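how would this look folded up:
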Amino acid sequence: MFPIDRSLLPPLTTRRALIVVDPQNDFLAEDGALPMKMPPDLPERIASLATSLRQGGDDIIWVCSKFEKSRSSQEEQILPSDRSSYSRSPDVSRGRRRQTPPQTNQQQPESPEAFLTQESPGQPKCVRPGSSGAELHPIIKGAVGPRDYSVVKTYYSAFRSEQLLRLLRMRLVTELFICGAMTNISVMATAIDAASHGYTITIVNDCCGYNGIMQHRNSIKQISNMTGCDVLLSGEIVAALKPKPKPSRRSGDRPATSPAGGYSTPIFPVSSHPRKSPRHRFNPW
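All right, here's what the predicted structure looks like:
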């Protein structure tokens, strides 16, 4: 084998992406089939976050659900109606903590929140193909940029669609911000699957939709325990990613010099890459 001079290799720049799951009328509109009660201004929050991250050079990915056929809620990591429906134990390769979900064989009626699971025949209530409920919420539609990406999923997790994983790999994305509707359904399923693929994850706490605060907190705690993800507010994320201003030098200031008369290294060197503010783990309680 010939020795490889790493200095001759081209630099590899990785990227961040915002994944917004289910920003559709059925979840975000007041007259939707399964409207989220909290927070009331969720579409505006998501739109503002997407605009800020896009301006910072991050990718924006809008993931919409479409009912194709009934999907078992036992096959994905979701918590409908404050009860767990687990059957898989994902290999969370990069999670800082790992928790094995409890197994249950007890048959229970499906919660309406399990919108891709239909026990009785007939038309699905949520995200029917071609329905207005399956379309993007008007505020979200107005926030979509020309270079944004769209993915359609037919499972609760966006990663059950190979389209998303191929896109992230093509774009060299390694860090994900995840939000949308609902915290205990699609956000949870997508985040846990993202961890199993080795992505660094941040849940945007104030940009997730839910119907009960305890349900939301329990879901956030479960996601954090299983993936070791960060949970931050949108304002904290935007502030941390803003470039820090370089200190200006006054006209009367002179750089320090070495004894030989040459310029020495500045006492306060300015990095060419702005540092992120340290992340603080969210305490759901």
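
And the spatially closest residue to residue 213 that is not a sequence neighbour, how far from residue 181?
Nearest-residue entry for residue 213: residue 38, 6.9 Å, with adjacent residues in sequence omitted and distances by C-beta to C-beta, 6 or more residues apart in numbering. From N, CA and C alone the C-beta is placed, and that goes for glycine too. As defined by C-beta to C-beta, to the nearest Å, residue 38 lies at a distance of 11 Å from residue 181.

what about those two, which has more around it?
Taking neighbours as other C-beta atoms under 10 Å, residue 38 and residue 181 compare with residue 181 leading, 30 against 15.

From residue 133, how far off is the residue most central in space within the chain?
Among the residues of the chain, the one closest to the centroid is residue 178, at 1.0 Å (C-alpha atoms, centre = their mean). Relative to residue 133, residue 178 is positioned 22 Å away (criterion: C-beta to C-beta).

Over to residue 198?
Distance check for residue 198 against residue 133: by C-beta to C-beta, it reads 34 Å.

Neighbour count for those two, which is higher?
residue 133 (19 against 12).

Doesn't that one belong to a strand?
No: Residue 133 sits outside any strand when classified using DSSP: H, G, I helix; E, B strand; the rest coil, being helix.

Which residue, other than its chain neighbours, is closest to it?
Of all residues beyond its chain neighbours, the one nearest residue 133 is residue 26 (3.7 Å), with distances taken as C-beta to C-beta, 6+ apart.

ok, now which ones touch the one you found?
32, 33, 34, 35, 115, 126, 127, 131, 133, 134 (C-beta atoms under 8 Å, 6 or more residues apart in numbering).

10 Å instead, please
32-36, 65, 115, 125-128, 131-135, 137, 181 (C-beta atoms under 10 Å, 6 or more residues apart in numbering).

Now do the same for it: its pLDDT.
Listed pLDDT for residue 26 reads 96.

element containing it?
Element membership of residue 26 [criterion: DSSP states H and E] is helix 25-28.

Pull out the buried positions in the very next helix or strand once past that helix.
Next helix or strand after helix 25-28 toward the C-terminus (DSSP H and E): helix 42-55. Of the residues in helix 42-55, those buried under the neighbour-count criterion (16 or more other C-beta atoms under 10 Å) are 42, 43, 45, 46, 47, 48, 49, 50, 52, 53, 54.

With stretch 119-131 instead?
When burial is assessed from 16+ other C-beta under 10 Å, stretch 119-131 yields the following buried residues: 124, 126, 127, 131.

Pretty sure the first one sits against residue 34.
What it means is residue 124. No: using C-beta atoms under 10 Å, residue 124 is not in contact with residue 34, being 11.1 Å away.

list residues touching both of these two?
With C-beta under 10 Å, 6+ apart, residue 124 and residue 34 have common neighbours 115, 133.

and stretch 59-68, how far from the chain's centre?
Between the centre of stretch 59-68 and the centre of its host chain there is 12 Å, according to C-alpha atoms, centre = their mean, to the nearest Å.

which parts of that stretch are buried?
Burial within stretch 59-68, assessed by neighbour count using 16+ other C-beta under 10 Å, is assigned to 59, 60, 61, 62, 63, 64, 65, 66, 67.

From the residues you listed, pick the one nearest residue 234.
Lowest distance from residue 234 to those (C-beta to C-beta) belongs to residue 60, with 13.5 Å.
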